[in-house]
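S.K.: What shape does this take:
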Amino acid sequence: MRKKWFSILQYLFFLGLGLFLVWWSMQQIPPEKWGDFKKSLQNANYWLLIPVFLILTLSHFIRSLRWKILMKPMGYTPRTPNVFFAVMVGYLANLAVPRLGELLKCTLLAKYEKVPADKLVGTILIERAFDVISLGLVFLIALISQFDVVGEYAGQLLGPLFKSENTPIPYLKIGLVLFILIFILIGTILIIKKFPHNKIVTILSKIIAGVWEGLSSIRQLDQKGLFLIYSVLIWGLYIMGTWIGLYATAGTSSLGIAAAVSALAFGSIGMIITPGGIGAYAYFIAKVLEKNGIGFELGFANGTLQWFAQFIIVLIVGFISLGLLPWYNKKNTNESN
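M.R.: Numbering: from 1, shown residues only. Take a look at the predicted model:
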């Protein structure tokens with residue numbers, strides 16, 4: 001019961017944060033510019049959302065193929081449709097509660113493909129690690145291609161975190177965080193060694209062992225090259241989708257692929273901090289495009305349109321996948337019998 005209430009409060013918090021960012025973004029538009037914002041959305045080329053839809057759906061499919069590669073060293077070869085359906089249902093769940101989808105897609109594969117969920121958690125961690133590295137490379141490309149834009153905006157965002165009136169970097173705070181993390185790690189190891197037969201400790205040990213096996217699978221990959229190719233394709237398709245999305249509104253159609261890379265870099269941060277990126281995604285894109293000489297109201301209109309396209313993709317394909325999962329597996333069960 002307590003866990004249920006915590007999930008509800010977590011969802012309300014992130015949803016509230018997203019709605020606040022929507023309200024805050026609206027406040028950044030001067031009254032005399034509201035007409036431009038509405039006109040930009042009214043005159044947008046919505047037909048361009050079709051290729052964006054197809055491109056991003058393809059990126060999700062490739063993500064499911066990449067995930068399969070991580071399972072192979074553990075001795076599991078789940079069927080591609082089930083993996084893709086699980087990925088899309090996971091994205092659908094993330095619209096409600098951030099990161100809930102990661103657990104849900106592991107649970108779905110455990111149910112339909114008999115892959116232990118604890119081992120899948122390790123593969124999810126590998127995926128996220130590669131996504132962080134990939135996002136870092138996207139930021140690097142954006143910094144190289146638009147140094148003034150990315151450098152200035154990143155400085156505005158991160159400056160307050162690393163500077164104060166008394167000292168340029170809060171070493172004490174950083175040290176305290178590191179100390180707490182090390183303390184938790186050492187404490188966990190000591191508890192496992194001290195009480196190896198305790199029921200809770202046994203469950204914890206099993207989870208850690210499963211996660212470690214999943215993490216270790218990266219060293220045993222037979223298709224490392226293909227894994228890297230899939231990773232490049234996923235993020236390449238993200239960039240392509242964002243670039244095409246810029247052409248959907250008149251105010252942003254003159255921007256090139258460099259602006260799309262910068263928009264994707266900061267927009268990805270927005271997708272992480274609120275459910276489905278509501279509010280944050282459009283706001284970050286608007287601020288980046290503003291640094292490219294586009295009015296905030298026009299950038300926010302384009303960001304809102306691009307967020308809506310991604311939201312619709314996850315909503316439609318996610319619900320279709322949710323319906324197809326039991327049907328596909330029932331059909332295959334009947335055929336095998």
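
S.K.: and the longest helix seen in the chain, average pLDDT?
M.R.: As assigned by DSSP state H, the longest helix anywhere in the chain is helix 296-336. For helix 296-336, mean pLDDT rounds to 84.

S.K.: packing partners for that helix?
M.R.: Other elements packing on helix 296-336 under the criterion 3 or more C-beta pairs under 8 Å, 6 or more residues apart in numbering; DSSP states H and E are helix 34-42, helix 49-71, helix 80-94, helix 100-113, helix 224-246, helix 257-273, helix 280-291. C-beta coordinates here come from the backbone N, C-alpha and C atoms, glycine included.

S.K.: Out of those, the one nearest Ile141 is which?
M.R.: Closest of those to Ile141 is helix 257-273, at 5.4 Å (criterion: C-beta to C-beta).

S.K.: low pLDDT regions in the stretch 1-150 of the chain?
M.R.: Scanning the stretch 1-150 of the chain for pLDDT under 70 picks out 1-37, 98.

S.K.: let's see it at 90
M.R.: Scanning the stretch 1-150 of the chain for pLDDT under 90 picks out the ranges 1-49, 70-77, 92-104, 107, 110-111, 113-150.

S.K.: In a markdown table, list the helices and strands packed on helix 296-336 along with distance to Asp131 and mean neighbour count.
M.R.: A markdown table is the format used below for the helices and strands packed on helix 296-336 (distance: least, C-beta to C-beta, whole Å; neighbours: other C-beta atoms under 10 Å):
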| stretch | distance to Asp131 | mean neighbour count |
| --- | --- | --- |
| helix 34-42 | 30 | 15 |
| helix 49-71 | 9 | 19 |
| helix 80-94 | 13 | 23 |
| helix 100-113 | 11 | 20 |
| helix 224-246 | 8 | 18 |
| helix 257-273 | 9 | 22 |
| helix 280-291 | 16 | 25 |
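
S.K.: what's the closest of those helices to Leu137?
M.R.: helix 224-246 (7.8 Å).

S.K.: shouldn't Phe311 be in contact with Gly276?
M.R.: Yes - contact criterion C-beta atoms under 8 Å: Phe311 and Gly276 qualify, at 5.9 Å.

S.K.: out of these two, which sits in the more crowded spot?
M.R.: Gly276 (23 against 15; other C-beta atoms under 10 Å).

S.K.: ok, and the closest non-adjacent residue to the more buried one?
M.R.: Leu95 (4.2 Å; C-beta to C-beta, 6 or more residues apart in numbering).

S.K.: List the contacts of that neighbour.
M.R.: Pro275, Gly276, Phe311, Val314, Leu315, Gly318 (C-beta atoms under 8 Å, 6 or more residues apart in numbering).

S.K.: how close does the second one get to Asn94?
M.R.: Meaning Gly276. To Asn94, Gly276 is 7 Å away according to C-beta to C-beta, to the nearest Å.

S.K.: what's the answer for the last one, then?
M.R.: The spacing between Gly318 and Asn94, counted by C-beta to C-beta, is 9 Å.

S.K.: if we can go back for a sec, can you list the contacts of Leu95 in CSV and add distance to Thr304?
M.R.: As requested, those are arranged in CSV below (distance: C-beta to C-beta, whole Å):
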residue, distance to Thr304
Pro275, 16
Gly276, 13
Phe311, 10
Val314, 16
Leu315, 16
Gly318, 20
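
S.K.: Of the residues you listed, which is the nearest to Lys72?
M.R.: For these, the closest approach to Lys72 (C-beta to C-beta) belongs to Gly318, at 25.7 Å.

S.K.: is it true that the closest one touches Val89?
M.R.: Yes - counting by C-beta under 8 Å, Gly318 touches Val89, with 5.9 Å between them.

S.K.: any residues in contact with both of those two?
M.R.: By C-beta under 8 Å, 6+ apart, no residue touches both Gly318 and Val89.

S.K.: In contact with Leu92, which residues are there?
M.R.: Counted by C-beta under 8 Å, 6+ apart, Leu92 has contacts Gly101, Val314, Leu315, Gly318, Phe319, Ser321, Leu322.

S.K.: Give the closest residue to the first one in space, chain neighbours not counted.
M.R.: Going back to what we said before, that points to Gly101. Leaving out its chain neighbours, the residue that sits closest to Gly101 by C-beta to C-beta, 6+ apart is Gly90, at 3.3 Å.

S.K.: so Ser145 touches Ala258, yeah?
M.R.: Yes - taking C-beta under 8 Å as the definition, Ser145 is a contact partner of Ala258 at 4.0 Å.

S.K.: got any residues that touch both of Gly276 and Asn94?
M.R.: Val314.

S.K.: quick one on the thing from earlier: adding distance to Asn329, write the helices and strands packed on helix 296-336 out as a markdown table.
M.R.: Putting these into a markdown table (distance: least, C-beta to C-beta, whole Å) gives the following:
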| stretch | distance to Asn329 |
| --- | --- |
| helix 34-42 | 41 |
| helix 49-71 | 16 |
| helix 80-94 | 7 |
| helix 100-113 | 5 |
| helix 224-246 | 25 |
| helix 257-273 | 30 |
| helix 280-291 | 34 |
